[in-house]
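> fold the following and give me the result.
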Amino acid sequence: MSTFLGRAFWVVLWGFLILNSAPNANAHGYKNGTIEVRHPWMMPTKGGSAVVSMKLKNVSGQTERLISASVQTGETANLVDRSSVDVKLTAADAVKSAVAIAIPAGETVELSDASVHIRIDGLKAPLAAYDRFTMTLVFERSGPLTIEVVIEESPSP
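Presented below is the predicted three-dimensional model:
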């Protein structure tokens, strides 16, 4: 009986070690209090400006607001709202800086180029597929959260 338990222990231990040495499926998700950040990413860029996409889920009973973002890879990280674009305006005129991005209680807000998003201006260097950089998001209630943004070679589904 003790031989069986000894072998079972080693099988479980090896399984645990193998599973934990593989890339973690949750490695691209972050949580800060009641906010979950899922899959922050952007497309490759040669410099200038770039849009960071992600999903923000509020698991609390109160509205949370993303009030700022910062990066070291660019001069500024701006919160932008394109969701209320008047079709008569050009894209450049329609982009307006958002004061904050609201995440209603129990809901998920998707940040993407077509709606609200974070735009990095003044990139200091080109970013190629598989590069990564850190970004700090600041939420009104939950406070700061540092995340890693991955550069993907094609749009995420």
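
> now the helix or strand hosting residue 121: buried residues?
Using DSSP states H and E, residue 121 falls within strand 116-123. Using 16 or more other Cβ atoms under 10 Å as the test for burial, strand 116-123 gives 116-120, 123. All C-beta atoms are positioned from the backbone trio N, CA, C, and that covers glycine.

> do stretch 139-157 as well
139, 142, 145, 147, 149-152.

> between these, which is nearest residue 127?
residue 151 (4.9 Å; Cβ to Cβ).

> what helix or strand does residue 148 sit in?
Short version, using DSSP H and E: residue 148 is in strand 143-151.

> mind checking the pLDDT average for the next helix or strand along the chain from the strand holding residue 121?
Downstream of strand 116-123, the first helix or strand assigned by DSSP H and E is strand 132-139. Average pLDDT, strand 132-139: 96.

> what do you get for stretch 109-116?
Stretch 109-116 comes out at a mean pLDDT of 92.

> state the pLDDT value of the nearest residue to residue 46 once chain neighbours are set aside.
Once flanking residues are discounted, residue 46 sits nearest to residue 126: 4.9 Å by Cβ to Cβ, 6 or more residues apart in numbering. Looking at residue 126, its pLDDT reads 93.
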